[in-house]
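**Q** Model the following, please.
(one chain, ligands or ions: 1)
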Amino acid sequence: MLSSGELHDITIIGGGPSGLFAAYYAGFRGLTVKIIDSLPELGGQLTAAYPEKYIYDVAGFPRIMARDLVRRLVDQAMPYAPILSLGEHVQKLDRSGSPRLRVITDRAEHWTKALIITAGLGMYTPRRLKGAESFEGRGLYYTVTRTEEFRGKDVLIIGGGDSAIDWALHLEPVASAVTLIHRRQQFRAHQENVRRLLSSAANVKLPYRPKEVRGEEQIREAVIVNTDTRQEEILRVDAILACLGFSSELGPMADWGLELEGNDSIRVNTRMETNIPGVYAAGDVAHYPGKLKLIVTGFGEAATTLVGQRLGAGEGPAARRSGIYAAWLAVATMSAFGVTYLLFPSQWMALFTTDHEVLAYGRTLMWIMALLQPPLALALTLKGALRGAGETRVVLYAAFLGGWVVRLPLAYLFGIQLDLGLVAVWLTMWLDWWVRGAVVLLRFRRMRWTEVRL
Ligand SMILES: Cc1cc2nc3c(=O)[nH]c(=O)nc-3n(C[C@H](O)[C@H](O)[C@H](O)COP(=O)(O)OP(=O)(O)OC[C@H]3O[C@@H](n4cnc5c(N)ncnc54)[C@H](O)[C@@H]3O)c2cc1C
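**A** Residues are numbered from 1 along each chain as shown. Got it, this is the predicted structure:
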């Protein structure tokens with residue numbers, strides 16, 4: 001077994017978006033970092049499951065292809081020269097040398113002062129389409145890694161969750177025809193995406209389930225059945241994309257003595273600490289009440305692990321500097337986007353609509369949106385840091401002040417008294433976020449939050 005014996009400040013298990021952002025953040029704070037991942041490439045689910053899908057919900061990017069987001073995350077982390085140990089499966093954790101930790105993989109051992117687990121869904125496998133397994137590699141897919149493979153084809157998508165609907169929207173402009181079937185009348189997906197799907201050219205059939213897949217070398221047709229009437233239909237298809245969910249489990253990490261939630265998640269407190277000293281978790285793998293498994297959630301949590309790591313090490317002033325620096329960095333980045341909204345509002349809107357009336361009206365709103373970026377960045381970053389330190393009351397006060405004391409009266413003044421229409425909504429929001437940003441900044445600059453006991 002290989003062992004460099006070199007001690008790193010932080011070792012990150014999982015090189016997905018959360019792990020990459022944690023690597024950047026740690027490097028930026030002057031810590032030495034190592035990333036271990038079982039896959040040969042960085043990017044986690046974005047690289048392995050959907051490199052060519054567009055993502056619409058990463059702050060600052062109206063839309064970005066998963067592969068490009070990974071490239072940017074890698075560009076952001078690499079200047080700090082993290083050591084990469086790819087293609088290694090983490091198996092054991094040895095705490096006998098505490099406070100040093102020894103992480104053992106199938107190929108090597110790694111020494112570290114602190115460990116951040118960003119292992120996502122751990123070992124995850126898509127649920128198979130029963131009875132059709134022989135068509136895997138011959139037209140039956142569980143994800144889309146190359147959009148071009150679907151060009152000009154008749155595609156049947158099976159499923160009613162976010163993935164099924166995302167893929168239907170993604171493939172609809174490329175494929176010759178897209179049919180989506182789901183066994184229930186209701187979807188389990190973002191409402192906005194369901195709305196887009198229903199107004200797209202995709203053929204949506206509810207409630208239907210697959211009965212049989214037919215073909216020789218390649219898939220040729222699918223028999224589907226209406227679950228209410230039992231009536232069968234034969235569809236001519238070249239490809240089937242089965243989005244039936246997946247099973248996931250932590251694998252060997254489940255035996256480390258970590259407090260778990262189900263098979264695949266690790267319980268953390270508001271500093272993203274697990275029950276094992278020196279071990280943190282962030283991203284999809286971390287669990288707390290109200291958790292959302294999204295890329296942006298992982299970014300915030302990754303930053304919190306570093307603030308938490310400083311606090312855990314009794315370094316309150318360093319934690320405060322990390323938070324303030326992160327906030328100004330966020331303000332600078334989002335303001336840069338704001339400037340582009342100010343200068344090119346029509347070009348931004350043209351990405352989404354060609355309607356002249358919307359374009360003319362939206363310009364003012366884009367300008368207000370531009371001015372909204374700095375307070376939004378400030379408030380969101382510092383709220384995350386305060387929550388991470390366990391200071392949740394100030395966050396609640398800020399939300400109360402913004403929502404009830406600022407937003408409500410101003411909405412009345414601008415919307416009803418001055419009759420400013422939609423502009424009233426955006427103006428009110430702008431002022432609300434300035435107030436929230438100021439409240440959390442004032443509290444953050446004072447050090448009392450570093451003394452909160454968890
Ligand atoms: C089809 C699909 C579409 C999605 N679309 C969106 C979207 O539009 N917007 C959005 O916000 N989210 C989306 N998501 C969810 C998003 O991909 C996840 O929230 C995100 O990838 C979580 O990042 P992560 O870094 O926490 O984990 P992951 O991306 O899962 O990365 C974890 C990494 O850890 C590694 N690992 C695990 N166990 C070990 C081990 N024992 N040893 C070594 N390495 C290990 C894995 O190999 C993996 O590379 C989508 C997910 C899917 C499947």
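**Q** how about the residues of the chain that lie near the ligand?
**A** For the chain, the residues in contact with the ligand (CB under 6 Å from any ligand atom) are 13-19, 36-39, 44-46, 49-50, 55, 57, 89-90, 118-122, 163, 166, 251, 253, 283-284, 293-296, 298. C-betas here are computed from N, CA, C, even on glycine.
**Q** helix or strand for the nearest residue in space to K291 that is not next to it in sequence, which one?
**A** Among residues not flanking K291 along the chain, T297 sits closest, at 7.3 Å (CB to CB, 6 or more residues apart in numbering). Using DSSP states H and E, T297 maps to helix 295-312.
**Q** which residues touch stretch 73-92?
**A** 8, 12-13, 15, 17, 20-21, 23-24, 26-28, 33-43, 103-108, 110, 119, 251-253, 256 (CB atoms under 8 Å, 6 or more residues apart in numbering).
**Q** any idea which helix or strand carries E192?
**A** Counting by DSSP H and E, E192 is part of helix 191-198.
**Q** max-length helix in this structure?
**A** Longest helix in the chain by number of residues (criterion: DSSP state H): helix 356-388.
**Q** Could you pull out the buried residues of it?
**A** 359, 362, 365-366, 368-388 (16 or more other CB atoms under 10 Å).
**Q** same for that helix, what does it pack against?
**A** Other helices and strands packing on helix 356-388, by 3 or more CB pairs under 8 Å, 6 or more residues apart in numbering; DSSP states H and E, are helix 295-312, helix 316-343, helix 345-350, helix 392-400, helix 422-445.
**Q** relative to helix 316-343, how tilted is that helix?
**A** Put simply, helix 356-388 runs at 180 degrees to helix 316-343, going by axes from the mean of the first three to the mean of the last three CA atoms, to 10 degrees.
**Q** and helix 356-388, average pLDDT?
**A** For helix 356-388, mean pLDDT rounds to 81.
**Q** And for stretch 72-79?
**A** 96.
**Q** same question, stretch 23-32
**A** The model assigns stretch 23-32 a mean pLDDT of 92.
**Q** Now do that stretch: distance from first to last residue.
**A** 9 Å (CA to CA, to the nearest Å).
**Q** Return the distance of that stretch from the chain's centre.
**A** 21 Å (CA atoms, centre = their mean, to the nearest Å).
**Q** Contacts for it, please.
**A** Contacts with stretch 23-32, where a contact means CB under 8 Å, 6+ apart, come from 8-10, 12, 15, 33, 35, 73, 76-77, 79-82, 302-303, 306, 310, 318, 322, 326.
**Q** The longest strand seen in the chain pairs with which strands?
**A** Looking only at the chain and at elements set by DSSP state E, the strand with the highest residue count is strand 2-13. Paired neighbours of strand 2-13 in the sheet (DSSP bridges): strand 33-37 (parallel), strand 108-117 (parallel).
**Q** Y50 belongs to a strand?
**A** No. Using DSSP: H, G, I helix; E, B strand; the rest coil, the assignment for Y50 is coil, not a strand.
**Q** now it: how far from L197?
**A** Look at Y50 and L197: by CB to CB, to the nearest Å, they are 17 Å apart.
**Q** Could I get the contacting residues of Y280?
**A** So Y280 contacts A114, L115, I116, I117, V268, R271, M272, E273, T274, T305, G308, Q309 (CB under 8 Å, 6+ apart).
**Q** with these in mind, which one is nearest to the ligand?
**A** For the contacts of Y280, the closest approach to the ligand (CB to the nearest ligand atom) belongs to I117, at 8.4 Å.
**Q** I'd assumed G278 was in contact with the closest one.
**A** No. At 11.4 Å, I117 does not count as touching G278 under the criterion of CB atoms under 8 Å.
**Q** Same drill for the two, tell me which one is more crowded.
**A** The neighbour comparison of I117 against G278 (other CB atoms under 10 Å) goes to I117, with 31 against 19.
**Q** Find me the pLDDT at the closest residue to the more buried one other than its chain neighbours, would you?
**A** Of all residues not flanking I117 in the chain, A281 sits nearest, at 4.4 Å (CB to CB, 6+ apart). We have a pLDDT of 97 for A281.
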